[in-house]
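A.B. asks: Quick check, what structure comes out for this input:
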Amino acid sequence: MTGPVTGTASSIPAPARPGLLSRLMAVVRPEFRADELVFDPADPVFGGGLCLVPVCERTARSRGLCAAHHDRWQADSRPDVEEFAASTDPRWRKQMPLACCRAPGCGRGVTRQGLCSRHGAAWERGGQPDLEQWSAAQPETSPPVPLLVCRIEFCQLWAEKDIAFCLGHGNTWKVNGRPDVEEFARGYTEIDPVPRNERVRLDELAPQLKLEIQYALQCRRDERTIKVQPFVVMQVVRFLTGCPVTSLLDWPEETWRQRIGRPAPKDTNPRALLAFARRRLEDLADAGGGWENEYGRNVWRLHHLGFEGRQTLRFDRIPQPWLQELAKRWARWRISTGLCLEASRRAVRAVERFAVFLASPAVNIEQLSEVDRPVLERYLADLHAEMAGSQRQGGHIGLLNSFFTAIRQHHWDDALPATAMFYSQDLPKRAERPPRALAEHVMAQVEHSGNLDRWGNPAYRLVTLVLIHCGLRISDALRLDRDCVVSDADGAPYLRYFNHKMKREALVPIDEDLHRLTGEQQQRVLQRWPDRPPWLFPRPTKNVDGQAPTSSSTHRLALYRWLERCDVRNEHGQPVHFTPHQWRHTLGTRMINRDVPQEVVRRILDHDSSQMTGHYARLHDTTVRRHWEQARKVNIAGQMVTLDPGGPLAEAAWAKQRLGRVTQALPNGYCGLPVQKTCPHANACLTCPMFVTTPEFLPHHRGHRQQIVQIISAAEARGQTRLAEMNQQVLANLDNIITSLQDNSQPQEAADAG
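C.D. replies: Numbers count the residues shown, from 1 in each chain. Purely as a prediction, here's the structure:
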């Protein structure tokens, strides 16, 4: 920790919070209102369990051992912990017997080379020969008369002349000022099992500062999310005793973070505890304020407005007070309409960038009435210079236009000129988004059972399978309820989850393997957290009660380490790097490519509209067209049919080809007749009297019939009577063929079965 600090310009005390002291007095419980806090080893936050060494009552801190036994374990060259705990002397160091002189019969304490002072001097006078041989050659030492032993209960060494203790204990007695003999001896038998490093002493703190730290420790205990060792608390306490403050709120959090300890990332534990204490204290001071407290701040603390976590919305980067006020009103209105937090954050960033542009010396706009169309045209050029027609550029323009519309609509400031608006022509042309689905050879590596087994954490392995097979967003997958599987009337399992983007519950069908793996994960969760935590994937660390789910950032880091272990590579032999969301795109593209109806894909992915699902269908059409253009095509005479993919009729030719695929169902090719013409040869073989077929083609006839029925049904629904009539004769002939082949094949099948 750093030494005492003095006030500077960056550490101007914050304004006093009236009523804070009385609130602290009301909420801090008696168990935390002591000058010295001692915690039970079993305490879920401040404890660590009992030491593994039998009889030892101290708190385990490392490898199941208390600090003293852990030091002894390290000195013994780190043997097996369980064997060490069972075999080591359970007594603490203060109770261990001191070494005895090596000379035969001598019972005095050791000073050097394993010898007492008298034998040590004799050994040195003899020229310091081999110690073993010299000791063995010494005559038996006679004990003093009368024989007095050390007054320490467990010490059997001879007492030194004129004192009641052996050499070692006598020296300690002298250093401590020669206290009462009986009281000093009792100190070796009546040892407090709680050493100084397991105690929290707050007596040197100012009264309110002491209450604030006590309140922070109480909050840590109640939240039960992170373990805190008492010595870390004492690091914070010692630092605070040298600070010229009477409350943690006297300095902003940034100042505390800069002042305590060594520069980040060193001393992270005391820095984190101090930041936590100040945040909880600030929450207590502003409790119940809601919008009344937050609106006037330049940084909104969103947990005061009902949002989860410790997120913020910043307005302090908008330099103009008049624009900052309008941005706040707009953000509050958007939040009140139910828009997600990220949408509000993007909107504020758009205003922030516009504000920085207005404040630049070349523009220097100082009031809203000066924001007219010429200024916006200059801003469009500035945006394009930075973003070059990207999707972000269109987003900034659209959000800023919505901002101007809201100002006019709600009459927040009528000084905004009527010409301050953007038009549709101002938006950059949006290029088609490239496909984000992963290539199949990459997915083959990802889905390989050997690579999936490389997940060291079975929970992360299951998350990967859920993302691949169910298409959930990573935030939704990691926040699955522990009991997230439901079954329908037929017993088919479904994964139930909350779609946070759409703010609604959704269901997706799963297979039996995923159902089984989910059940195994539920059992693992209950084994570790018997109190039944709410999540299927609780955070693996710093989660005492299992109440915190795994964060997406934690899973992403684990994913990248897993990809590195599996050495997944793309078609160029380069290591693959992708995001978990690309598995959602991959699932959508796979289903479309397998001719799953687009509406079914939309429901499985829980899209709000068919627009996003249509993106996968467009990609599928592009893929099919590319293969069609690259394929070798011949007509009935075996002559080559060419199609220039870059020619002026390429788009029209492909549209004709797609129409031919849905108006004529052919088992062995495609129809190239323009749809406007009537085909006299529709499925010519099936209308030809010379056509012959056998039962081995029954599967083809049945599939062909299904395609014909679909075409007729679609044509009748659209009122295309000519198209329906054109395929009716083919359907009738197929029905005759299938019926006849089925009837004639049954006796033969029965004979084969016999």
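
A.B. asks: how many other residues sit next to residue 120?
C.D. replies: Close neighbours of residue 120, defined as other CB atoms under 10 Å, add up to 19. (C-beta placed from N, C-alpha, C; glycine too.)

A.B. asks: from here on, count from 7
C.D. replies: Understood, numbering begins at 7; the last thing we discussed is residue 126.

A.B. asks: What is the neighbour count of the closest residue to it other than its chain neighbours?
C.D. replies: Taking CB to CB, 6 or more residues apart in numbering, and ignoring the residues beside it in sequence, residue 126 has residue 118 as its nearest neighbour in space, at 5.0 Å. Here the count is done by other CB under 10 Å, and residue 118 has 12 residues near it.

A.B. asks: what bridges to residue 118?
C.D. replies: Counting by DSSP bridges, residue 118 is bridged to residue 121.

A.B. asks: so how far is residue 127 from it?
C.D. replies: Computed with CB to CB, to the nearest Å, the distance linking residue 118 and residue 127 is 10 Å.

A.B. asks: which regions of the stretch 507-656 of the chain sit below the pLDDT cut-off?
C.D. replies: Under the criterion of pLDDT under 70, the regions of the stretch 507-656 of the chain flagged as low confidence span 614-656.

A.B. asks: Let me fix that, I meant to ask about the stretch 657-760 of the chain.
C.D. replies: When residues are selected by pLDDT under 70, those of the stretch 657-760 of the chain lie in 657-702, 724, 728, 749-760.

A.B. asks: residues touching the closest residue to residue 467 other than its chain neighbours, list them.
C.D. replies: With CB to CB, 6+ apart as the measure, residue 461 is the residue that lies nearest to residue 467, at 3.8 Å, once sequence neighbours are left out. Residues touching residue 461, when contacts are defined by CB atoms under 8 Å, 6 or more residues apart in numbering, comprise 467, 470, 568.

A.B. asks: Inside helices: which ones of those residues?
C.D. replies: The helices in this structure, assigned by DSSP state H, contain 467, 470, 568 from the contacts of residue 461.

A.B. asks: what's the one helix or strand residue 710 maps to packed up against?
C.D. replies: Here residue 710 sits within helix 704-723, counting by DSSP states H and E. In terms of contacts (3 or more CB pairs under 8 Å, 6 or more residues apart in numbering; DSSP states H and E), helix 704-723 is packed against helix 656-669, helix 727-759.

A.B. asks: and the residue nearest to residue 126, what pLDDT?
C.D. replies: Residue-level confidence at residue 118 comes out at 85, pLDDT.

A.B. asks: got it, and residue 331?
C.D. replies: Confidence at residue 331, expressed as pLDDT, is 96.

A.B. asks: Around it, how many other residues sit close by?
C.D. replies: Quick note: residue 331 (other CB under 10 Å) scores 15 neighbours.

A.B. asks: quick one: it from residue 304, how far?
C.D. replies: Applying CB to CB, one obtains 11 Å for the distance of residue 331 from residue 304.

A.B. asks: Pull the distance from the helix holding residue 710 to the chain's centre.
C.D. replies: Centroid separation for helix 704-723 versus its chain: 49 Å, with CA atoms, centre = their mean, to the nearest Å.

A.B. asks: Then stretch 73-89?
C.D. replies: For stretch 73-89, the separation from the chain centroid amounts to 35 Å (computed by CA atoms, centre = their mean).

A.B. asks: what mean pLDDT does it have?
C.D. replies: Stretch 73-89 shows a mean pLDDT of 90.

A.B. asks: buried sites along it?
C.D. replies: 73-76, 78-79, 87 (16 or more other CB atoms under 10 Å).

A.B. asks: Give me the subset of these lying in strands.
C.D. replies: Judged by DSSP state E, the subset of the buried residues of stretch 73-89 located in strands is empty.

A.B. asks: Now render those as JSON lines, adding distance to residue 399.
C.D. replies: As requested, these are arranged in JSON lines below (distance: CB to CB, whole Å):
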{"residue": "73", "distance to residue 399": "59"}
{"residue": "74", "distance to residue 399": "65"}
{"residue": "75", "distance to residue 399": "64"}
{"residue": "76", "distance to residue 399": "59"}
{"residue": "78", "distance to residue 399": "66"}
{"residue": "79", "distance to residue 399": "62"}
{"residue": "87", "distance to residue 399": "60"}
